[in-house]
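**Student:** Task: produce atomic coordinates for the following.
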Amino acid sequence: MRIGEIAALVGVTPRAVRHYHHLGLLPEPVRRANGYREYTVRDAVLLARIRRLTELGLGLDEVRDVLADEGGRELVEVLEELDEDLRRQEAVIHERRERLAGLLAQAREGILTADGPVSPALASLFRDVARSSAGRSESPMAAKDREMLTLLETVAPEGEARDRLMDTMRHLAETPGAVERAHELYARLDALADAAPDDPRVAEAARFLADTLPDEVAAGLGDEDVVPADDALAAAFFADLAPAQEAVVLQALRLVRERAR
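**Tutor:** Modelled structure (predicted):
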């Protein structure tokens, strides 16, 4: 058989056959007087084995080890490792499909926003705010808040802190009048975009924000600093605020902590 014939028989390309020769997986066959390779059934059997192993997901280095192991122990070990790897991939795929199912459900219910994918609770909150904002001009502070909530939900590590964040968002979303109060807060903060930190409106806005935040927020505040100096998320949030807006948030957090004592 010529190279094209053995390739067609086994179901690979002549280029693949040459590559296997180059890597030493498939020995070079004898050549005719005219220089063409002459393949035998034995070559075809070996080539078919290489194809079967690669189709299982083995890398070519693993295929070489398997072919060199006459006792077959290497093949068993490689297949066991491959099976475990596929089991892990299967679990990851299952988890992703569950998340996709949730997002598709949001889409059918009309709560999958352009800021997604986010959790159903956060998507619902965004939807309610958007509906109540119909006819209003976009608030710069509302846009920042939406971006920060999306970031927080994405990067907050799983555990107590993340659960507390989700509980707080659910509490805010379910509190009667929460959306209207959010618009009022955004308006107050937008008005302070060019104000000084000692503007009298800062204290008023801080009290308004503190009254909106549940006592559970105090659980995440340290004893010394309202916001830890090494908190990267807090740094990103405050970096996007004007000085007066930052003063509002810091004062509000202090008020919440004092209220919880």
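
**Student:** need the helices for the stretch 51-200 of the chain, in chain order.
**Tutor:** Per DSSP state H, counting those that start in this stretch, the stretch 51-200 of the chain carries helices over the ranges 60-68, 73-109, 120-132, 140-155, 160-174, 178-191, 200-212.

**Student:** Mean confidence (pLDDT) on the fifth one, please.
**Tutor:** The reference is to helix 160-174. Summarised as a single mean, pLDDT over helix 160-174 is 65.

**Student:** okay but Y186 is in contact with A143, surely?
**Tutor:** No. Between Y186 and A143 there is no contact under C-beta atoms under 8 Å: 9.2 Å. Where C-beta positions appear, they are placed from N, C-alpha and C, glycine not excepted.

**Student:** thinking again about what came up before, output the helices of the stretch 51-200 of the chain in JSON lines; the columns should cover distance to L46 and mean neighbour count.
**Tutor:** As requested, these are exported to JSON lines (distance: least, C-beta to C-beta, whole Å; neighbours: other C-beta atoms under 10 Å):
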{"stretch": "helix 60-68", "distance to L46": "8", "mean neighbour count": "16"}
{"stretch": "helix 73-109", "distance to L46": "14", "mean neighbour count": "12"}
{"stretch": "helix 120-132", "distance to L46": "55", "mean neighbour count": "18"}
{"stretch": "helix 140-155", "distance to L46": "50", "mean neighbour count": "16"}
{"stretch": "helix 160-174", "distance to L46": "54", "mean neighbour count": "15"}
{"stretch": "helix 178-191", "distance to L46": "70", "mean neighbour count": "17"}
{"stretch": "helix 200-212", "distance to L46": "73", "mean neighbour count": "17"}
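
**Student:** So for A232, which of those helices sits nearest?
**Tutor:** helix 140-155 (8.7 Å; C-beta to C-beta).

**Student:** tilt between that closest one and helix 178-191?
**Tutor:** Helix 140-155 runs at 110 degrees relative to helix 178-191, counting by axes from the mean of the first three to the mean of the last three C-alpha atoms, to 10 degrees.

**Student:** Please work out the angle formed by the directions of the helix or strand containing A252 and helix 178-191.
**Tutor:** Using DSSP states H and E, A252 sits in helix 243-260. Going by the same axes, to 10 degrees, helix 243-260 is angled at 140 degrees with respect to helix 178-191.

**Student:** name the helices or strands packed onto helix 243-260?
**Tutor:** With contacts taken as 3 or more C-beta pairs under 8 Å, 6 or more residues apart in numbering; DSSP states H and E, helix 243-260 sits against helix 178-191, helix 200-212.

**Student:** Can you lay out those helices as TSV showing distance to A16 and mean pLDDT?
**Tutor:** Formatted as TSV, the helices and strands packed on helix 243-260 follow (distance: least, C-beta to C-beta, whole Å; pLDDT from 0 to 100):
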stretch	distance to A16	mean pLDDT
helix 178-191	61	88
helix 200-212	65	93
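
**Student:** mind checking which of those is nearest T54?
**Tutor:** Nearest of the helices and strands packed on helix 243-260 to T54, taken as C-beta to C-beta: helix 178-191 at 56.9 Å.

**Student:** quick one: contacts for the nearest residue to Q251 once chain neighbours are set aside?
**Tutor:** Once flanking residues are discounted, Q251 sits nearest to A206: 3.5 Å by C-beta to C-beta, 6 or more residues apart in numbering. Neighbour list for A206: 247-249, 251-252, 255 [criterion: C-beta atoms under 8 Å, 6 or more residues apart in numbering].

**Student:** Leaving aside the residues adjacent along the chain, what's closest to V63?
**Tutor:** L53 (4.8 Å).
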